[in-house]
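**Student:** Predicted model and sequence follow; I will ask about them next.
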Amino acid sequence: MAGGGEGVTLEFTPTWVVALVCFIIVSISLLAERGLHSAGKYFKKKNQNPLYEALLKVKEELMLLGFISLLLTVSQKTITKMCVKESLYKSWQPCRPDPGPHNRPKNSTHFDLESISGITRRLLAAGGEAQEGYCAQKGKVPLLSVQAFHHLHIFIFVLAIAHVTFSAMTICFGGLKIRQWKQWEELVAKEIDDTESAQPKVTHVQDHDFVKDHYLGIGKNYRIKGWIHSFKNQFYGSVTKSDYLTLRLGFISTHCKENPKFDFHDYMVRALEIDFKKVVGISWYLWLFVVIFLLINVDGLHAYFWLAFIPFFLLLAVGTKLQHIITQLAQEVAEKHIAVEGDLIVQPSDEHFWFSRPRLVLSLIHFILFQNAFEMAFFIWIWLTYGFDSCIMGRIRYIVPRILIGSFIQILCSYSTLPLYAIVTQMGSNFKQAIFNNSNSGVKERKS
């Protein structure tokens, strides 16, 4: 073990190499830990409790990732010594089996003692070749080779990092869009000060911008047009000034009628920050989805390609539904009134949402973001591990649509669907009391 280079243990490794590697790993780990700690202190100092809780959720995911990594490392020797018949390796493979060992491509992931005996000892703990030889003596192959074990390890790490990164990007870019509405909140607060002593006005419903933008008439044909209108609206101008002011007034009239200066924008942003804690996590059913995908990703099915359409169609459905809720609110008030005294007021209700559950929308967005991150992480992992021409990657006609769909989902969800969700889900029957109290106290301070 003292010679040969590749199989050298710590007993015969220069101490300066061991110390240098440990120093680099520990330094990077401490810097990451200190960075998260500083971010947590900053959020608490700025009284951003929802973001602080989201950061704790990220730490939980990193801890889970570390535990998975530790479990894989500890169980590597045991799993690689589990031997199975070679005939079991001839089915359910992501790549088509080659006729012989001499014709296998260099990026092939199939078990081959001669081709991987050297590299495996550099990938994980020493002893991989011994485990493979152990099964070869029995005329069998390892249940999972050391090289495949290492690649699976990397994939789980890339998936977790990609999900947290893409979720954070969605929240950040969506937040930029939502912050543009702050000017409307300040404008309406100023208008309230100017009109407190004015006489109540009469609003003709059909002439109101909110109704004109969303009410298309009565009847079956108009309902179909309403869905088509909602589908198209999610791609441009998803929330207009009249939408924001009308939905804001509907929320305030339902939940805090005595305080017309309630900071609805602040409440909405804080509610979104709380929801971010759920979005950034990886629930058990999402891990189950990963396992199912790895099972069905066999040669010929192109599962990685067809699964890319799941978040695509789900995102379009969610965006259309959120837009249609706004259309329903406009239709309700237009069918009940010709003219109203004062401002136009819509009535929030859980009945507008699927199964009367506004939180279901958040679960769908969570799945959409995870599935999209999974697709992108799988693409990056295959590219870096096996190369762009890998048989798992597929032909170019499968690769390009996946990249385009993933980019489209990320952009649409950030700039349209997420802002829509932030405001439309406030049109449910309930509200978050804790945020309500904090925002309400802030309004009182502003009034004084």
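**Tutor:** Sure, I can see it. Residues are numbered from 1 along each chain as shown.

**Student:** Show me where the stretch 201-350 of the chain has its strands.
**Tutor:** Applying DSSP state E, counting those that start in this stretch to the stretch 201-350 of the chain gives strands spanning 202-204, 339-341.

**Student:** residues in contact with stretch 245-260?
**Tutor:** Residues from elsewhere that reach stretch 245-260 (CB atoms under 8 Å, 6 or more residues apart in numbering): 184-185, 188, 192, 208, 210, 262, 264-265, 326, 329, 343-348, 423-424, 426-427, 431, 436, 440, 443-444. Placement of C-beta: from N, CA and C, glycine included.

**Student:** let's go with 6 Å and repeat that
**Tutor:** Applying CB atoms under 6 Å, 6 or more residues apart in numbering, the contact partners of stretch 245-260 are 192, 210, 262, 264, 343, 345, 346, 348, 423, 426, 431.

**Student:** who's in contact with residue 276?
**Tutor:** So residue 276 contacts 54, 171 (CB under 6 Å, 6+ apart).

**Student:** Please determine how far it is located from residue 257.
**Tutor:** Going from residue 276 to residue 257 by CB to CB, to the nearest Å gives 29 Å.

**Student:** In the stretch 51-200 of the chain, what residue spans correspond to strands?
**Tutor:** Here the stretch 51-200 of the chain has its strands, by DSSP E, counting those that start in this stretch, at 83-84, 141-142.

**Student:** Flag the shaky bits of the chain, pLDDT-wise.
**Tutor:** Applying pLDDT under 70 to the chain picks out residues 1-10, 48-50, 97-132, 192-205, 207, 216-221, 237, 337-342, 394, 433-448.

**Student:** again, only this time at 50
**Tutor:** Applying pLDDT under 50 to the chain flags residues 1-6, 100-127, 440-448.

**Student:** Need the residue closest to the centroid of it.
**Tutor:** Of all residues in the chain, the one closest to the mean position by CA atoms, centre = their mean is residue 369, 2.7 Å from it.

**Student:** isn't that residue right up against residue 165?
**Tutor:** No. Using CB atoms under 6 Å, residue 369 is not in contact with residue 165, being 10.7 Å away.

**Student:** Give me the distance between residue 177 and residue 31.
**Tutor:** Noted for residue 177: a distance of 32 Å to residue 31, by CB to CB.

**Student:** neighbour count winner among those two?
**Tutor:** Taking neighbours as other CB atoms under 10 Å, residue 177 and residue 31 compare with residue 177 leading, 17 against 10.

**Student:** Give me the spatial nearest neighbour of that one, chain neighbours excluded.
**Tutor:** Nearest residue to residue 177, sequence neighbours excluded (CB to CB, 6 or more residues apart in numbering): residue 419, at 4.7 Å.

**Student:** Quickly find the element holding the one you found.
**Tutor:** Here residue 419 sits within helix 418-424, counting by DSSP states H and E.

**Student:** and stretch 409-428, which residues are buried?
**Tutor:** Judged by neighbour count (16 or more other CB atoms under 10 Å), stretch 409-428 contains these buried residues: 409-410, 412-428.
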